[in-house]
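K.L.:
this one's structure only:
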């Protein structure tokens, strides 16, 4: 790793990569994705760029008050880039390949000032749409030197978080689908056990630049969770496949490794330039969540702009008033407490989380039957 110093330090610029290995519930490796990230840090301001093989990238930044993100596709230079603004210092709409580097390098202001430090969402799930990302309490150990980044974090299911998962403040008020809204009606206290480890983050190596401690290597193990009915179905599939080498005598546990993230730093540059908000030459198609109102059923206001609006101005307030006059129609179940709806939602949750794995199992069975027919 190379270190470069130029003049008086204003910002630390970290270049690195994140390797994400995804697994099926049977323990087989499903896919690997490697992204390159660049992080700039200066005081409470930060900027994170996550680049993908397809040449499109995320730009996510925070100024200590708001979080801004924009998805840039260089192949679509004439279209407005999808962008979001949230109050607070958490990238709640970002992919795991963004939120995990954020945790490693950009989370100190959030951890030191947020009342949610003991309940960080499961970063490998979508905090805006999945109540399951909010069933854990977090146990955090931070470094004692600036910028006080996390050294180790454990996500463990807790009664408090499980009970409030479906009403977590990070979940969207307006749903993009009936299924998304229905997930809030699941009886999580009876479906999720207390005390289950669903995530473990740890820093493996660090560097100290004039008292500024930054990770050089880090990893996070993320676990999926089987609802009771899904666990029974998974065990049934494995029992039917127990003649294969991979699954012989395997017992389905409540949790299973769903992803392993391995991050490493390539170099760190100490620079004199200030950290700016995410910048692109494209127009921004902004979804602004800073004016959300549960009482009015309003999740956000939307607009197109040439540049960010760090302050809520009169134009944004007018958009909010116009939306209040024509509130969105949330497709909530008419009686979400009914047994019928509860059971339907349980099925939907199982399908959403585990359908790919069950399809895998069914394909195995189909292939096995074909082999028998051909013999």
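P.N.:
Cool, the structure landed. Note that the structure is predicted; figures quoted are calculated from it, not measured.
K.L.:
following the host helix or strand of residue 100, which helix or strand shows up next?
P.N.:
If you go by DSSP states H and E, residue 100 is part of helix 96-105. Using DSSP H and E, the helix or strand that follows helix 96-105 towards the C-terminus is helix 108-113.
K.L.:
Contacts for that following helix, please.
P.N.:
Outside helix 108-113, the residues that touch it by CB atoms under 8 Å, 6 or more residues apart in numbering are 44, 46, 62, 64, 88-90, 116-117, 140, 142, 146-150. Where you see a C-beta, it was placed from the backbone N, CA and C, and this is true even at glycine.
K.L.:
Check these for burial and list the buried ones.
P.N.:
Among the contacts of helix 108-113, those scoring as buried are 44, 46, 62, 88-90, 116-117, 142, 147, 149-150 (criterion: 16 or more other CB atoms under 10 Å).
K.L.:
show me what contacts the residue lying closest to residue 158 once chain neighbours are set aside?
P.N.:
The shortest distance from residue 158 to any non-neighbouring residue, by CB to CB, 6 or more residues apart in numbering, is to residue 137 (3.9 Å). Residues in contact with residue 137 (CB under 8 Å, 6+ apart) are 118-119, 155-158, 160-161.
K.L.:
Kindly indicate which of those lies nearest residue 325.
P.N.:
The closest of these to residue 325 turns out to be residue 119 (CB to CB; 35.3 Å).
K.L.:
Residue 230 looks like it's in a strand, true?
P.N.:
No: the assignment for residue 230 by DSSP: H, G, I helix; E, B strand; the rest coil gives helix, which leaves it out of any strand.
K.L.:
Any regions of the stretch 201-350 of the chain where pLDDT drops low?
P.N.:
Counting by pLDDT under 70, the ranges of the stretch 201-350 of the chain that qualify are 242-249, 328-350.
K.L.:
roughly how far apart are residue 98 and residue 85?
P.N.:
15 Å (CB to CB, to the nearest Å).
K.L.:
do the same with residue 150
P.N.:
From residue 150 to residue 85 the distance is 25 Å (CB to CB).
K.L.:
Likewise for residue 272?
P.N.:
28 Å.
K.L.:
Then residue 148?
P.N.:
Note on residue 148: its distance to residue 85, by CB to CB, is 26 Å.
K.L.:
Next: residue 289.
P.N.:
Taking CB to CB, one finds residue 289 at 7 Å from residue 85.
K.L.:
One more: residue 182?
P.N.:
In terms of CB to CB, residue 182 sits 28 Å off from residue 85.
K.L.:
got it, and residue 56?
P.N.:
Taking CB to CB, one finds residue 56 at 20 Å from residue 85.
K.L.:
The two: who's more crowded?
P.N.:
residue 85 (24 against 15; other CB atoms under 10 Å).
K.L.:
Who does that one form a beta bridge with?
P.N.:
Assessed by DSSP bridges, residue 85 has beta-bridge partners residue 68, residue 288.
K.L.:
all strands of the protein, in order?
P.N.:
Using DSSP state E, the strands of the chain run over 2-5, 11-23, 29-42, 45-51, 57-62, 66-72, 81-87, 136-142, 150-157, 197-209, 212-225, 255-271, 284-288, 301-305.
K.L.:
For the residue nearest to residue 225 when sequence neighbours are not counted, grab the count of nearby residues.
P.N.:
Closest residue to residue 225 apart from its sequence neighbours, by CB to CB, 6+ apart: residue 255 at 5.5 Å. Neighbours of residue 255 under the rule other CB under 10 Å: 15.
K.L.:
Would you agree residue 255 is in contact with residue 199?
P.N.:
No: using CB atoms under 8 Å, residue 255 makes no contact with residue 199, being 10.1 Å away.
K.L.:
OK, contacts around the residue nearest to residue 225?
P.N.:
196-198, 223-226.
K.L.:
Please convert those residues to CSV, extending it with neighbour count and distance to residue 124.
P.N.:
Shown next, in CSV, are the contacts of residue 255 (neighbours: other CB atoms under 10 Å; distance: CB to CB, whole Å):
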residue, neighbour count, distance to residue 124
196, 18, 15
197, 13, 14
198, 24, 9
223, 20, 9
224, 22, 9
225, 22, 12
226, 23, 16
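K.L.:
which pair in the residues you listed spans the largest distance?
P.N.:
So, those by CB to CB: farthest apart are 197 and 226, at 14.1 Å.
K.L.:
returning to that earlier point: next, report how far the helix holding residue 100 is displaced from the centre of its chain.
P.N.:
The chain centroid and the centroid of helix 96-105 are separated by 9 Å under CA atoms, centre = their mean, to the nearest Å.
K.L.:
Likewise for stretch 224-236?
P.N.:
So, by CA atoms, centre = their mean, the centroid of stretch 224-236 is 23 Å from its chain's centroid.
K.L.:
Pull out the buried residues from that stretch.
P.N.:
Buried-residue list, stretch 224-236, by 16+ other CB under 10 Å: 224-227, 230-231, 233-234.
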